[in-house]
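Peer 1: I need the structure of the sequence given here:
(chains A and B)
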Protein chains: 2
Amino acid sequence: MKQTPQQNQSESVATEIDQLREMLSRDQIKRARRLLKTMHPAKIASLLERLTPQQRVDALHQLDARTEPKVLSYLSSALRTQLAYELDADMGPSEDGASPANSRVDEEPETQLRLVLEALDQGKLKRIARLFHKLHPARIAGLLESLPATERASVWDMVEGERTAKVLRHLHEEVRRRLASEMDMEHLVEAARGLEPDDLVDLIQDLPTATGRQILDAMDQRERERLQSMLSYPEDTAGGLMNMDQVEVRSNIKVGTLLRYLRLREELPPNTDKFFVIDRKHRYQGTLRTERVLTARPETSVSELMETDFEPVPANQKSDAVAQRFEQEDLNSAPVVDAEGRLLGRITIDDVVDVIREQSAHALLGMAGLDEETDMFAPVLASSRRRAVWLGINLITAFLAAWVIGLFEGTLQQVVALAVLMPIVASMGGIAGSQTLTLVIRGLATGQLGSGNTRILLLKEMGIGLLNGLLWALVVAALAIVWFGNWTIGGIIAVAILLNLLCAAASGVAIPLLMSRLGIDPALAGSVVLTTVTDIVGFFAFLGLATLILL
Amino acid sequence: MKQTPQQNQSESVATEIDQLREMLSRDQIKRARRLLKTMHPAKIASLLERLTPQQRVDALHQLDARTEPKVLSYLSSALRTQLAYELDADMGPSEDGASPANSRVDEEPETQLRLVLEALDQGKLKRIARLFHKLHPARIAGLLESLPATERASVWDMVEGERTAKVLRHLHEEVRRRLASEMDMEHLVEAARGLEPDDLVDLIQDLPTATGRQILDAMDQRERERLQSMLSYPEDTAGGLMNMDQVEVRSNIKVGTLLRYLRLREELPPNTDKFFVIDRKHRYQGTLRTERVLTARPETSVSELMETDFEPVPANQKSDAVAQRFEQEDLNSAPVVDAEGRLLGRITIDDVVDVIREQSAHALLGMAGLDEETDMFAPVLASSRRRAVWLGINLITAFLAAWVIGLFEGTLQQVVALAVLMPIVASMGGIAGSQTLTLVIRGLATGQLGSGNTRILLLKEMGIGLLNGLLWALVVAALAIVWFGNWTIGGIIAVAILLNLLCAAASGVAIPLLMSRLGIDPALAGSVVLTTVTDIVGFFAFLGLATLILL
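Peer 2: Residues are numbered from 1 along each chain as shown, chains lettered A, B, ... in the order given. Now for the predicted structure:
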């Protein structure tokens, strides 16, 4: 017995409509959404026709932004109008609240997030679509990052097709990678086409190689070659930051000609504050600020207006250095050249701002061993695994400290007050040391600290350690004497604290310098090593002195 | 007996030249510098004439960039030439090294710093002046910040007059304040005139009120009024960030007219990517991107080209929010309006980049209680005093932990192994808690975390705490059992670690949220409060359980 596809579909529609009805009636919205996702738009349209008005609206809420218009196109125009009306009635009241005047209510990020979470909870996904329609892509990205990883895909589907690229661009690396890997290839390629080359290069570098390959293959020849040449530079260099949308001019033309050319172009790439002057061999000659074009007479030639003393950025320069130069010289854009001085592209301030933000996130998160945790709502298992490593490293250092204490078990047994006071010595050393460490890490990052002035800094920090060591040694000694009524213990803890603070100052300077010389990032591992030192020195000095003097 | 001023001066010259000769011959360079600083240029010139060539060069090195040309102008042209020659001979070899080709040697920040420190050490200050002459003001600022506070004033004097303002602008707040307070008023006012209004406002806000008053009084009427209106906005708002150098246009003019006006102006303020369209009452109407002017035909009117959907920044908006908007929408400049919608000024990306840098420095330094320590080489006493506060706060929390341990002195006396192991419990809790804390602080700063999703985050963090708690409880228990051969202690430490990690996750979320609701910056105090909690819970759980079970 042979079935025509027609019959087959008609039968499966019969089964699926029952499934769908049951799901909707039982409020199994997520299951319904998954079911609808597997269907062809025409089939969904025919299903919709057979549902009750309420079921219809519920089902419609589950359609993503790309499928919805296709489904609607299969419906009769009467049903389309009716659906639009029903959907509107379903969404209206709860968003705008009692007074229709407070349409500004969803300008508050808090309110937006609440709206999204409520809509998710009730399965009214079109409310999210309507909200997103009004928001800036960056804000949509922010909302997506504020959601649990498991809910993101459904909300992501509500982003309109032509905006997916822009939202993608504003997401953090980890979130972007996770969402992109869940998108189907067709949709991903479509979004990729909407990205600026530098952002697309970032995305491809974040994705699995095969996926990146497929995206590249979907681009046209010229675009692909451009992307490949950009991909050849590491992500953290000028070459990885640059775009290739610069406006290039020749030095012998006149401003009038340039203006005519610009009028023909009609549009300039964003952040165009300079044009770049090149010679016949495409070598960088100088920059021409757009404002000079605006204020010059038409008969002036470019060579009179251009500035030749603007140093181009070498493609292999580290992005940190690029960011520092942009910041120090207040640049908006800068030309990037290869080793032969040929103009490759330009870096713009928006990408530099991203670099600065990433640097600062890196510095902050790295201190807590969260270097790669840019997704606050990553799945529990993924986060647990990453953090476990840091806890494990800390455990080793904690056991080292415990081992030092263990050396003095006999002493502790005889003078139990020592066990009570010993954490104070270690803790003061840790705090003082981390202050010095933080300053040195920052000094290294900003380039303020070089081999010329480390000795000066070391002396300064030792001086601070001495002053604060003396001060707090006296305070702690006094408190310990009052508490335990034992002058010897007071003296011992004072000496131990002073020693530990001096040692903290010295290690706070030495550890990060040593690490950066060994090529280890002190922002990542510095604090663990430092507290290991201050714990060990603290416990050893305190318990060791006590053993010598008290026993 | 009456002396003419002439006689008087001639006599004092006689005394001072002996003093100076002695100082120079004894290598008391700093004293010589201080002496010369008090003298009139004409007097210095007459002194120079009576010194030996070597002494002359040594003395010349000590003159600051403002005094030197004045002194030279009092000398005969023959002596001037001779001096220039002698000075050049004195500087030449040590800088350029053996090969004259490596003039790029001082492009390395390391080398520059070494040069400055050497020159300081040998009292050859003109070498610094020559180096500075070639450097970007931002780099000079960086070098100044890399020097000990005590040496900065001498080096600062070598900055050429017209560049002091630019260098000042690139210095960090604390360093700038310190240097500015050491400058004489005349010099400071001269530098202030070279600053952009927004930077000048920053400087005035940093200086003592009386000094700021004097600078304001030295400005002309119009400038003063402008500055005063800018000073009326807090430093951390849009009003405090803005400049008033915007180009304003009316909507009814044509592009051709605008271009003619721009050509008359000849120059545009830096970072002009937009003009702002205003009405007759100076109310903001929209923006006109400069590129649209470049690409439009002369007969087009501004109203056709302007964009009216660009939301202006309210003057009282917080600078954090401004920075976030610039970053999200990739802006270069934005108009600032007052409550009535009148255009006040504009904010440019260079100032926003400074805000972002400051935020990140604040977040990083704040964690170590170094909130105001932007000057790495501040005097020891000033730094010690600031850091002492943080150590004092930490001491209170350390004593709280010690007090908890003290509750269990009896238990510790009987089972001394507990004293050995207890820091491990506290330390694991502290590390896990600070991971959660860091994420939450960052989420609050970026606006990712709102009341809508805190419950989700709490559940996620508790989940991570549970998983990592179970994992490390087992590991630590196993190690403790192996070490002390006591299964009960292994069980106790396992339970204590699990409890402490769960509690760390909960406090890591709750503490910063509570703090920010109370208006306390969690980046400043969060980590102290958190470690207090994890220490107390850790010690209490471990020793408490041990007391219940072992005794």
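Peer 1: quick one: terminal-to-terminal distance for stretch A:149-166?
Peer 2: One end of stretch A:149-166 sits 20 Å from the other (CA to CA, to the nearest Å).
Peer 1: Flag every buried residue along that stretch.
Peer 2: Buried residues in stretch A:149-166, counting neighbours by 16 or more other CB atoms under 10 Å in any protein chain shown, are found at A:149, A:151-160, A:163-166. All C-beta atoms are positioned from the backbone trio N, CA, C, and that covers glycine.
Peer 1: Helices - which of these land there?
Peer 2: Residues of these located in helices (DSSP state H): A:A149, A:E151, A:R152, A:A153, A:S154, A:V155, A:W156, A:T164, A:A165, A:K166.
Peer 1: right, and the secondary structure at the nearest residue to A:I215 once chain neighbours are set aside would be what?
Peer 2: Leaving out its chain neighbours, the residue that sits closest to A:I215 by CB to CB, 6 or more residues apart in numbering or on different chains is A:A192, at 4.9 Å. Of the three states, A:A192 takes helix under DSSP: H, G, I helix; E, B strand; the rest coil.
Peer 1: Ok, A:P335 next?
Peer 2: Here A:P335 is recorded as strand under three-state DSSP.
Peer 1: Likewise for A:F276?
Peer 2: strand.
Peer 1: For the closest residue to it other than its chain neighbours, the count of nearby residues, please.
Peer 2: Once flanking residues are discounted, A:F276 sits nearest to A:P335: 4.9 Å by CB to CB, 6+ apart. Neighbourhood size, A:P335 [other CB atoms under 10 Å in any protein chain shown]: 26.
Peer 1: wait, A:P335 sits on A:L343?
Peer 2: Yes - using CB atoms under 8 Å, A:P335 is in contact with A:L343, at 5.7 Å.
Peer 1: Residues that sit against both of the two, list them.
Peer 2: Residues within reach of A:P335 and of A:L343 at once, by CB atoms under 8 Å, 6 or more residues apart in numbering or on different chains, are A:Q246, A:F276, A:Y284, A:P312.
Peer 1: Helix or strand: which one has the third one?
Peer 2: A:Y284 is part of strand A:284-289 when elements are defined by DSSP states H and E.
Peer 1: Chain B versus A:A510, what's the distance?
Peer 2: A:A510 sits 16 Å away from chain B, going by CB to the nearest CB, to the nearest Å.
Peer 1: Pull out the buried residues from stretch A:257-268.
Peer 2: A:T257, A:L258, A:L259, A:L262, A:L268.
Peer 1: how close does the first one get to B:T237?
Peer 2: Yep, that's A:T257 we're talking about. Distance of A:T257 to B:T237, computed by CB to CB, to the nearest Å: 45 Å.
Peer 1: what does A:D27 give?
Peer 2: Distance, A:D27 to B:T237, by CB to CB: 48 Å.
Peer 1: Confirm A:R280 sits in a strand?
Peer 2: No - assessed with three-state DSSP, A:R280 is coil; it does not lie in a strand.
Peer 1: show me the contacts for A:L188.
Peer 2: Neighbour list for A:L188: A:A180, A:T211, A:I215 [criterion: CB under 8 Å, 6+ apart].
Peer 1: Am I right that it sits in a helix?
Peer 2: Yes - under three-state DSSP, A:L188 falls within a helix.
Peer 1: Model confidence score at it, please.
Peer 2: Predicted confidence (pLDDT) for A:L188: 85.
Peer 1: what do you get for the one 5 residues further on?
Peer 2: At A:R193, the model reports a pLDDT of 83.
Peer 1: From A:A218, how far out is it?
Peer 2: Distance from A:R193 to A:A218, by CB to CB: 8 Å.
Peer 1: again with A:A504
Peer 2: Counting by CB to CB, the separation of A:A504 from A:A218 is 57 Å.
Peer 1: For the two, indicate the residue with more neighbours.
Peer 2: Ranked by neighbour count (other CB under 10 Å), A:A504 and A:A218 place A:A504 first, with 30 against 16.
Peer 1: Of the buried residues of stretch A:257-268, which fall within the contact range of chain B?
Peer 2: With CB under 8 Å from any CB of the partner chain as the criterion, these include A:L259, A:L262, A:L268 near chain B.
Peer 1: what's the distance between stretch A:357-365 and the middle of its chain?
Peer 2: Centroid displacement of stretch A:357-365 relative to its chain, using CA atoms, centre = their mean, to the nearest Å, is 9 Å.
Peer 1: An error on my part: the question was meant for stretch A:198-211.
Peer 2: On CA atoms, centre = their mean, the centre of stretch A:198-211 falls 15 Å from that of its chain.
Peer 1: What is the burial count for the residue of the stretch 351-500 of chain A found nearest chain B?
Peer 2: The nearest approach of the stretch 351-500 of chain A to chain B comes at A:S360, 3.0 Å away (CB to the nearest CB). The number of residues packed near A:S360 is 21, by other CB under 10 Å.
Peer 1: so who does A:L36 touch?
Peer 2: By CB under 8 Å, 6+ apart, the contact set of A:L36 is A:L20, A:I44, A:A59, A:Q62, A:L63, A:T67.
Peer 1: mind running it again at 7 Å?
Peer 2: Residues counted as contacts of A:L36 (CB atoms under 7 Å, 6 or more residues apart in numbering or on different chains) are A:I44, A:A59, A:Q62, A:L63.
Peer 1: and A:R325, what element?
Peer 2: helix A:319-329.
Peer 1: Can you tell me what sits against that helix?
Peer 2: With contact meaning CB under 7 Å, 6+ apart, helix A:319-329 is reached by A:236-238, A:241, A:313, A:331, A:347, A:349, A:352, A:355-356, A:359, B:136, B:138, B:170, B:353, B:357.
Peer 1: per-residue confidence at the residue in the stretch 201-350 of chain A that chain B sits nearest to?
Peer 2: Residue nearest to chain B within the stretch 201-350 of chain A: A:Q328 (3.2 Å; CB to the nearest CB). Here, the pLDDT recorded for A:Q328 equals 81.
Peer 1: what about it, distance to B:V353?
Peer 2: For A:Q328, the distance to B:V353 equals 10 Å [CB to CB].
Peer 1: and A:P379, what is it in contact with?
Peer 2: With contacts defined as CB under 7 Å, 6+ apart, A:P379 is in contact with A:A149.
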